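Asker: The following comprises the amino acid sequence and a computationally predicted model.
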Amino acid sequence: MVIVLIVFAILGFYDLSGFIKRREPAKVIVIYTFFMSVSLVVSLLLTADKRPSSPAEWIEWMLKMIGVVK
Amino acid sequence: MENTKISSIQLFLLNIGFLYGSTVILSPAISARNDAWLAVILGGLGGALLVWMYASIALLNPTKTLVGILKDRFGKYIGTLIAILYIWYFIHLASLVFRNFGEFIATVTFPETPMVVVIAIFAALVLYGVNSGIEVMSRLSELFVPFIPVTALITSLSLITTRDITAFLPLLEDGLAPVLNAALGFVTFPFGETIVFLMVFPHLNKKENLKKITAFSVIVFIVLSLLIFFRCITVLGQDLLYRAAFSPHLTALLIPGANVEPLIDINLLIGGGIKISICIYAAAKALSQVFGIGDYRKLVTAVTTFSVVLSVWVYENQLEMFEWAQKVWPYYSIPFQVVIPFILIILSLKKGKIMTGNY
């Protein structure tokens, strides 16, 4: 868990400090933060052995609902 | 759009590398067992039609990427919504290939190393490649992709003495249905996945060669797939071929007096690397175009990180990965690979007729 946090902290601080220095538009920071925070949350849950249901399961469920996959 | 151009040969090699991608470890037509070669040919014909459709869409909209075409043809709001779905699809595809790569390496090459470490190291390489731009990715493909057919030939020739050349007989023992199912799988994986190239085609320097390049790459890939199938089935036999998780690797292990197993790993590094790079490039570029961000490179780290996490999250184990790829992936892919492109080509042709006054 600590390794996951360290990796994300390094990646995030390095890129975000660059964005602030270059005065990037807010949308760049918002999109970047969105992807990184989703990744961080999911990887923390995976590390803690509390795997949330995955997109593959959602897709399979939807296709089953439509009746495409049995 | 970046002002970079790639040559015809570079696009051809990128295409071959992409098509080969994870096909080197997952044999998509293998559900047809000993008739898989028929599925490869039938699926190849269907795949050729799909790729021809993508090339036609690109030629009808020569300066636009997929995002631009979608916005043009479907209007700003619906076009943007579909573009966001495609961004998801590209990221998902990248994560699946990451997972295939990770499973393969963690199973056969470095069984003591955690899969996530293998994927993360590979992701760092991919990140560097994608940040360098499409020109550098194309040059890398020029350098590395020729190894793929060479290694396929080396492994095939090395096993020439240990073959049962009747292993693929009898023909159509279980009827035509498994062959058609496998052919559908082969159309969607890998041919339909080349929809991602609609983000790359605008960089081609000689657009008039586009159809020739794509057609030639499809032919070369089909020949390569047939060569690999016949090599594997004549060496392993149909039962073992069907049961083996990574049949080309198992085949390479059987070469007498030589250890050429790393050649399969190298092939996967090249093909998988190109496939993931193209997907992440396309996702980051589409994202930057949808949200009006000048340079796609600003988003590459975030997209790659998410793909890595998604690759670990998406399946619990290897069996789930194989089952999902075989049962769900083809149907999930059809809207992205067939339905939307088909509507796009009709709308593009209609628009073309209006522009030339023939309507």
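Answerer: All right, it came through fine.
Asker: can you list the residues of chain B near chain A?
Answerer: Proximity of chain B to chain A is assessed by Cβ under 8 Å from any Cβ of the partner chain, with B:92, B:287, B:291-293, B:298-299, B:301-303, B:305-306, B:308-310, B:312-316, B:320, B:324, B:327-328, B:331-332 identified as the residues in range. Backbone N, C-alpha and C define where each C-beta goes, glycine included.
Asker: residue in chain B nearest to chain A?
Answerer: Per Cβ to the nearest Cβ, the residue of chain B with the smallest distance to chain A is B:A302, at 3.7 Å.
Asker: Spit out the contact partners of that residue.
Answerer: Contact criterion Cβ atoms under 8 Å, 6 or more residues apart in numbering or on different chains gives A:15, A:31-32, A:34-36, A:39 as the residues in contact with B:A302.
Asker: Chain B contacts on chain A?
Answerer: Close to chain B, as judged by Cβ under 8 Å from any Cβ, chain A has residues A:8, A:11, A:15, A:19, A:24-25, A:27-28, A:31-32, A:34-36, A:38-39, A:42-43, A:46, A:51-52, A:54-56, A:59-60, A:63, A:68-69.
Asker: Can you flag the buried ones in these?
Answerer: Buried by 16 or more other Cβ atoms under 10 Å in any protein chain shown: A:8, A:11, A:15, A:19, A:24, A:28, A:31-32, A:35-36, A:39, A:42-43, A:46, A:54, A:56, A:59-60, A:63, A:69, out of the residues of chain A next to chain B.
Asker: Was I right to think B:L184 contacts B:P330?
Answerer: Yes: in terms of Cβ atoms under 8 Å, B:L184 counts as a neighbour of B:P330; the distance is 5.6 Å.
Asker: From B:S141, how far off is the closest residue to chain B within chain A?
Answerer: Using Cβ to the nearest Cβ, the closest approach of chain A to chain B is made by A:F35 at 3.7 Å. From A:F35 over to B:S141 the distance is 27 Å, taken as Cβ to Cβ, to the nearest Å.
Asker: helices or strands up against the host helix or strand of A:I29?
Answerer: Assessed by DSSP states H and E, A:I29 sits inside helix A:26-47. Here helix A:26-47 is seen to pack against helix A:2-21, helix B:297-313 when contacts are counted using 3 or more Cβ pairs under 8 Å, 6 or more residues apart in numbering or on different chains; DSSP states H and E.
Asker: The following helix or strand past that helix to helix B:297-313, inter-axis angle?
Answerer: Later in the chain than helix A:26-47, the nearest helix or strand by DSSP H and E is helix A:55-66. Using axes from the mean of the first three to the mean of the last three Cα atoms, to 10 degrees, one finds that helix A:55-66 and helix B:297-313 are set 70 degrees apart in direction.
Asker: How about residues contacting helix A:55-66?
Answerer: Contacts with helix A:55-66, where a contact means Cβ under 8 Å, 6+ apart, come from A:69-70, B:92, B:310, B:313-315, B:320, B:324, B:328, B:331-332.
Asker: Max pairwise distance over those: which two?
Answerer: Within the contacts of helix A:55-66, two members stand farthest from each other by Cβ to Cβ: A:K70 and B:L310, at 25.9 Å.
Asker: Mind checking which of the two has more residues around it?
Answerer: More crowded of A:K70 and B:L310, by other Cβ atoms under 10 Å in any protein chain shown: B:L310, with 22 against 6.
Asker: hang on, the more buried one packs against B:I91?
Answerer: Yes: distance between B:L310 and B:I91: 6.8 Å, which falls inside the contact criterion (Cβ under 8 Å).
Asker: so where do the helices sit in the stretch 101-250 of chain B?
Answerer: Taking DSSP state H, counting those that start in this stretch to define them, one finds helices in the stretch 101-250 of chain B at B:115-132, B:134-144, B:147-158, B:177-188, B:210-236, B:238-243, B:247-253.
Asker: Throw those helices into TSV and include mean neighbour count and mean pLDDT, thanks.
Answerer: Shown next, in TSV, are the helices of the stretch 101-250 of chain B (neighbours: other Cβ atoms under 10 Å in any protein chain shown; pLDDT from 0 to 100):
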stretch	mean neighbour count	mean pLDDT
helix B:115-132	19	92
helix B:134-144	19	93
helix B:147-158	18	87
helix B:177-188	22	88
helix B:210-236	20	90
helix B:238-243	16	81
helix B:247-253	22	83
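Asker: my guess is B:V218 contacts B:L50, does it?
Answerer: No: applying Cβ under 8 Å as the test, B:V218 and B:L50 come out as separate, 9.3 Å apart.
Asker: Find residues that contact each of these two.
Answerer: Overlap between the neighbourhoods of B:V218 and B:L50 consists of B:F191, taking contacts as Cβ under 8 Å, 6+ apart.
Asker: residue ranges with poor pLDDT in chain A?
Answerer: Regions of chain A meeting the criterion pLDDT under 70 cover residues A:1.
Asker: Please repeat the previous calculation with a cut-off of 90.
Answerer: For chain A, the stretches with pLDDT under 90 are A:1-25, A:47, A:49, A:67-70.
Asker: tell me the centre residue of it?
Answerer: The C-alpha lying nearest the average C-alpha coordinate of chain A belongs to A:S39 (Cα atoms, centre = their mean; 2.2 Å).
Asker: list the contacts for it?
Answerer: A:8, B:302, B:305-306, B:308-309.
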